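> structure, please.
(chains A and B)
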Amino acid sequence: MNQFSIFFFSEIKSRFKQPQMYFYMLIIGVAAFSVIKFAEYVNMGVYLGNIERTSHLTLLLLMAGMGGIALYLFPVFISAAATKDFDAQFHEIMFAIPIKKWAYFWGKFMAAWASTLIVYLALIPGYLIGVYFLEPHQKGTEIIWSGLFDGFLLFILPNSFILTAMVFAVAIYFRNIIAAYVLVIILATCYSVAFAFLGADVDSRPLASYFNSDGMAAFSVDVQYWTVSDKNTKIYSPSLLMWANRMVWIGIALVVILTCYFRFSFSHSLQGLFNIYRKKLKISAQNAIVQGKPMYTIHNTGFCFKALFSRIIIEYTSVVKHISFIIITLMGLVILGFNLYYAGKKAYGISTLPVSYWMSEIAMTLNILFGQIIIIFFSGQMMWADREQKTEAVTDTLPVSAWVLALGKIFALCFVVITLQVFSIVACIGYQLSQSYFDIDIMPYLKVNMLLEATKLCFWVVLSICVQSICQNKALGYIISIALFISQVLAVEVGLNHMLWQPWIPANVIYSDMNSLFPYTREIIWSKLYSFLFAIMLIYISVAFWQRGNEGSIKFRIRQLLSFVNNKNVYISGMLVLLLLGCTVGKIYYDTIIINHHETEKDKWKTDKVDFEKKYKKYERRPQPRITNSVYQIELYPQLEKIEINGKYTLVNASNTAIDTLHIFYHDKINMKIDLPQSTVNMHDTIRHYVQIKLITPLQKGDSTILSFACNYQKIAMENWVSHTNLTGNGTFINKADFAPTIGYQGTMELYGKWERKKYGLKDKDLLASSNDTVAAMQTYISLDADYGHIQATIGTDIDQIAVAPGNLVRKQIKNNRAYYTYKSTEPILNFYSFCSARYTITKEMYNGISLEVYHYPKHTKNVNRMIKGMKDAIVFCERYYSPYTYKHARIIEYPRYQQFAQSFPNTIPYSESSGFIFDFDKEIDLDIVYYTTAHEIAHQWWGHQVSAANVEGCTFMIETMAQYTALQVMEKEYGAEKMKKFLKFEMDTYLGFRGREQEKELPIIINQHQQYIHYQKGSVVMYALGKYVGFDKINTVLQRFIKNNYHRSAPYPTSAELYSEIKSIVPDSLKYLAEDMFEKIVLYDNRITDAIYEKTNDNKYKVYFTATCKKYNADSVGYEKVVPVSDYLDLAIFGKDDKMLIKKRIKLTQQSNDYIWVTDEKPEKAAIDPDYLLIDRNPSDNVKNIKESNTLTINL
Amino acid sequence: MKLQISNLSKTFANGVKALAGIDLEISQGMFGLLGPNGAGKSTLMRILATLQEADSGQVMLDQLDVLKDKSAVRQILGYLPQEFGVYPRVDAGDMLNHLALLKGVISHKERKELVDYLLHQTNLYEHRNKRISSFSGGMKQRFGIAQALIGNPLLIIVDEPTAGLDPMERNRFLNLLGEVGEHVIVILSTHIVDDVKEMCSDMAVMDKGQILYKGTTKDALLQIKGNVWETSIEKSEIETFSAQYEVLSTRLFSGKPLVHIYNDSNPGEAFVQAPENLEDFYFKKIKK
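Residues are numbered from 1 along each chain as shown, chains lettered A, B, ... in the order given. Below you'll find the predicted structure:
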């Protein structure tokens, strides 16, 4: 056997003998299984939840996705091959033997690479088992095996080469595993840079590809617009971007390993590298000045705080002076700086103000590195340092108890973690100052980063030390710690998220300027107490297993454990801790599971819905009286999270038949008392919150009655996942439907989703009825149990808070040290409103008799003026083009950021703290999304409140799409057409991306079923295009007429189909196809300029030859596309210097490829097809092409 | 004060019998434990230093059960292990200070005095602000003894302390050890015969887990007095010579083997009587 084979095979053989290899295989296998089985919960850059997991794409993605895990998993494994001889100090003997360098180096390298590939094999069984356990519809017909092959060639083989080559090279060159870790951190930094680019706007995404070593970024860019059908059936072929990525990184890896190979020599010494650390010592021969022996007292240090303190300092310094700690910290701070800079810039080019809570959340993104990695790495390092440095014989014979040694390490590592938190906080504050943001609030840092995060990480410290203490084997300890870490991530992904399993929950804690951490107080106290006691138990276990000396036999360890427990003090205190722990567990269990029904059974909420539907669906569409007038007396106790409502509904029978039974539903966890004269309660289902009331004398057509109800709610127990954030200390925002009863069966409560329904034996159902359904059209989707009516609400709240409801404020009074606000509607409104209460500052402006008001947190003033301007401009626009504003007020009301939307209720617009109040705005580069959103919400006062859509398919077209269309025009008037281009590009990107995530079916906009990416994003694009083709004024005239004819029209409510047919009626016949394509079908274009050259003519003009191609596709509901013939009007244009438009013509194209010769006066620079990006096109960047000067030689000839 | 070891046995998981029922009695003063590498000395030392468990047997230090009451042993123990690592990135003075605190010198003032005293004693005072990892072998060893002396230990165990020291360093080290060894038990485990010869009045020879000799150094010398013979031979003769005589040692002198043999009477005229020598005694014991 030649030397190469000797090194190769002996290395491989030793791998198979070690348990590590099988552990790694297990982790890879479990990861593959989880990705396939739990795709809905796993985020890998491309969404797999809705597609068949036997597809080519799935297999490729699975293999690409392993790169992220491999980055953390393999370096230890790979570098072992490289550093083994050095670690064992065998290298001096080894290299004295006449071995060939190439055989040694490449033999070991190939072995390391081969064993990584062997570990990857575990992916296949993991995948197959995952597939086996899938539901039939998630499987597809058969596994596309070629995906396995392609994925192997495209990802596994090159990625394992790249990682192995780089890690092996640095590890063997520096003869040290730490070098490999540093490399990992560099690669991980590149990784996060790449994903920051991916999250940024569409143009910077390709850049991501180059930063990402495993090809994942390039892959997700390539398939970003794949439809469901594409994902299921298309065979991926790598793009140029992908090849470039592969080549670049393989190249880098080759350079690294070849450099190391040529510089590696058996005899090279690294001493030179670290020369700076070596100080020459002068050994002095001077005689000792022996003084008299001092007197001192020896104390018993079995357990002594001074000794502990000294241990902590020694251990702490040993970590923070460690070179790898310094490197990790510096790297982390670089990543943090990058994240801070990029996090502020998200889609739509919105910049966010560097407010403290936002910074503090970004700082936490670092905690995988500053938390888990540091903890796992240094817990092992610390536990084994004494043995590795051979100092254990000294430390282990010290007259201190194991408690001092164990606690010394635990506290030291906790302080390390806390130090890092402090570093990242200081970095955040530094960033805030560098952005000239001086309104620094220290509380989020203290409360979130220190109180919540740092303590959570300290728990991990204890856990990792405990694992190492029990294992008594560094590698095994590492593997178990890593496995624990991965399993906790997976556990959250699959829904095993009870705080008893994961003591660091509540995980959904959100810090709000307005409300701090108010809603989570109880949960935080108990979960922290639980994890504290748990940690103490773990410390007991760590000490019980603490090894001193080198006796490791099982027999001895059991004896040690017994003698530990036999200690009376330990026994009693341990039992006490256990008892307290037991009580805490009991309390948490009682609160979260018994009182608040945290679903221990995974799909219980689904079966509840199924039961609900099966039991009560029969009452759907039974005629019910309608609410015409509502009067509320609300007592709000924000600090107690308590509400009491006394209400009266006036009910009128608007149907044609007499009604003898009322079906009343209410919300979970509410105590409800219903009182109706002359009636008996037939049934009260307290589990499904349903009351059936029998009227003694049936309610005749046109008759009315009054229903009174009294309900109350108070949060008395903690929740596992805090959901009740709407009734809270400062910033209550409750929807009427959250507490008040509703009349009649609510179809919206049913289980939704084709496969889900099938699984539970329910009939397939659409969210919305067909547009011809006349019964459904008797309701508006905005409020199912009432038409336009009146309300009056008196809200009592804390004396320092202001309560807001729709209508005019008619009275404000102080009673019993509480403030009472009474609001009354002046015009009929839909039964759709909310109540808010907080300590607000009010900013007001009058316009034309309308009071424009913003109720906000006193410090959130930055965007208030632009909100008011948005309100005013939108009202001006709508009054001019549509109709007068209905109310006397328009109020924007800030609420805490537990939800992130703005919603338009009659004359009141609750607006999330984080979606409008913290945006920064740079007029030059940013879109004014605050202004836009405000205009959109104000537009709803027309589209939604002046006219309301019937509860049938496409209903949101009339409401949401029209609000988008109105806001678009308001924004274009204010900011100009260029900004619109930018805005629409983002809208297009969002639409195209979300099509591929569709769970059910993509529908044409006019029959869409509450699909946001259609009614918002596609809506913006197609309405803007229609405006550009047909004329905005013409459309606005139709809309004005529509509003006039349907103002406050109730049953039967107007439908989107009616609106659309009116719009279509003004579209010229030549463009009718366009309206049909955009609204009634799903049509996409692939427009591009393929060739463009110019020549200068003799009369100093320019002749431009260019080819414009236009491909048009018709897609079905899963995105299967068919090429359809072109017969379309498209804009073609030539641009000169500085994008000055030289010619623009709208031309009817009748074939795919079209050649033109145009003449311009000025020098042409670019040719474009559809230059304003009006049509839906997956690759808009190729719509424009630079025009080259033609070869003059040919012309002369 | 007396350390009584009775019937102490230890077999490792790999089957190596490190200690096979050892009995020893060690009283105050310096005690030398001689034996070749692998004799079981370090195992014995580690057991005495609470770092290893024995399979059977008993060790008593007066009334103190060394095997059971480890924490009490640690209170009176000074241990300089065979392989002595250092904390990287820690200065000598700081480390001594830390260890002194952990050994119970709680008072800051007393501790400083003690540390300074020990640093002076071990001639390390001027290096106190240097990292131990930058120390030479001898300095490291002296640091080791400094830390072992903290806290007035009653039982001092030094395991192979002079291996790798140059003669000057060795002398300084042994002097230091001698000073403290008068009133307490000091067990000096070594394979270097001269260490024992110079320092210890009592000694034991150990090999393959067994005690081959225990007694005073004087008695040991008496045992071989007059029975060791020396001669110079040719290299080619070594084999036949070994078959013929009980060879204790062979070393080169001016390029020719100089052989010591054990014989009750004068083996011949080529031989001269060698002065009694602890090394020959040692070789005699372990070659049995």
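> when you work out contacts or count neighbours from here on, use the C-alpha atoms and nothing else.
OK.
> if we ignore the residues flanking it in sequence, what's nearest the residue of the stretch 401-550 of chain A at minimum distance from chain B?
Relative to chain B, the nearest point of the stretch 401-550 of chain A is A:Gly549 (3.8 Å; C-alpha to the nearest C-alpha). Nearest residue to A:Gly549, sequence neighbours excluded (C-alpha to C-alpha, 6 or more residues apart in numbering or on different chains): B:Leu51, at 3.8 Å.
> also A:Val416?
Spatially, and ignoring its direct neighbours in sequence, A:Val416 is nearest to A:Tyr316 (6.7 Å; C-alpha to C-alpha, 6+ apart).
> pull up the gap between that neighbour and A:Ala412, please.
Using C-alpha to C-alpha, to the nearest Å, one gets 5 Å for the distance from A:Tyr316 to A:Ala412.
> more neighbours, the two?
A:Ala412 (25 against 22; other C-alpha atoms under 10 Å in any protein chain shown).
> and the helix or strand harbouring that one, how far from the chain's centre?
Assigned by DSSP states H and E, A:Ala412 belongs to helix A:402-434. On the basis of C-alpha atoms, centre = their mean, to the nearest Å, helix A:402-434 sits 27 Å off its chain's mean C-alpha point.
> skipping adjacent residues, who's closest to B:Asp55 in space?
If the residues on either side of it in the chain are set aside, B:Asp55 comes closest to B:Lys10, at 5.0 Å by C-alpha to C-alpha, 6+ apart.
> for the one you found, give the beta-bridge partners.
B:Leu19 (DSSP bridges).
> show the model's pLDDT score for the closest residue to A:Gly408 other than its chain neighbours.
In space, and not counting its chain neighbours, A:Gly408 is closest to A:Ile312: 4.5 Å by C-alpha to C-alpha, 6+ apart. On the pLDDT scale, A:Ile312 is placed at 94.
> which SS class is A:Ile312?
helix (DSSP: H, G, I helix; E, B strand; the rest coil).
> quick check: mean pLDDT of the helix or strand that contains A:Phe733?
Following DSSP H and E, one finds A:Phe733 within strand A:732-735. Taken as a whole, strand A:732-735 has a mean pLDDT of 94.
> in that strand, what's buried?
Across strand A:732-735, burial judged by 16 or more other C-alpha atoms under 10 Å in any protein chain shown covers A:732-734.
> among these, which one sits closest to A:Pro638?
Proximity of the buried residues of strand A:732-735 to A:Pro638 (C-alpha to C-alpha) peaks at A:Thr732, which lies at 7.2 Å.
> backbone torsions only: list them for A:Glu1165.
Reported as degrees, to the nearest 10, the phi and psi values for A:Glu1165 are phi -120, psi -40.
> run a quick neighbour tally on it.
A:Glu1165 is flanked by 23 other residues according to other C-alpha under 10 Å.
> that one contacts A:Phe1135, doesn't it?
Yes. Assessed by C-alpha atoms under 8 Å, A:Glu1165 is found in contact with A:Phe1135 at 5.7 Å.
> assign A:Cys330 to helix, strand or coil.
Just to correct that, residue A:330 is Leu rather than Cys. Per three-state DSSP, A:Leu330 ends up helix.
> and the strands in the stretch 851-1000 of chain A?
Assigned by DSSP state E, counting those that start in this stretch, the stretch 851-1000 of chain A shows strands spanning A:889-895, A:908-912, A:919-920.
> which one of the ones you listed lies closest to chain B?
Shortest distance between chain B and the strands of the stretch 851-1000 of chain A, using C-alpha to the nearest C-alpha, is found for strand A:919-920: 47.2 Å.
> what packs against that closest one?
Secondary-structure packing of strand A:919-920 (3 or more C-alpha pairs under 8 Å, 6 or more residues apart in numbering or on different chains; DSSP states H and E): strand A:350-352.
> please save the CA atoms from the helix or strand that the strand it packs on is followed by in CSV.
Counting by DSSP H and E, the next helix or strand C-terminal to strand A:350-352 is helix A:356-364. Extracted as CSV, the C-alpha positions of helix A:356-364 are listed here (Å, rounded to 0.1, in the frame of the first residue of the first chain):
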residue,chain,number,x,y,z
SER,A,356,-34.1,51.4,21.8
TYR,A,357,-36.5,48.5,21.7
TRP,A,358,-35.8,47.9,18.1
MET,A,359,-32.0,48.0,18.7
SER,A,360,-32.4,45.7,21.6
GLU,A,361,-34.2,43.1,19.4
ILE,A,362,-31.4,43.3,16.9
ALA,A,363,-28.8,42.9,19.6
MET,A,364,-30.6,39.6,20.5
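> so how far is helix A:356-364 from its chain's centroid?
Mean-position distance between helix A:356-364 and its chain equals 15 Å (C-alpha atoms, centre = their mean).
> quick check: angle from that helix to helix A:402-434?
130 degrees (axes from the mean of the first three to the mean of the last three C-alpha atoms, to 10 degrees).
> skipping adjacent residues, who's closest to whichever residue of the stretch 1001-1150 of chain A sits closest to chain B in space?
Residue of the stretch 1001-1150 of chain A nearest chain B, by C-alpha to the nearest C-alpha: A:Tyr1013 (58.9 Å). Closest residue to A:Tyr1013 apart from its sequence neighbours, by C-alpha to C-alpha, 6+ apart: A:Tyr991 at 5.2 Å.
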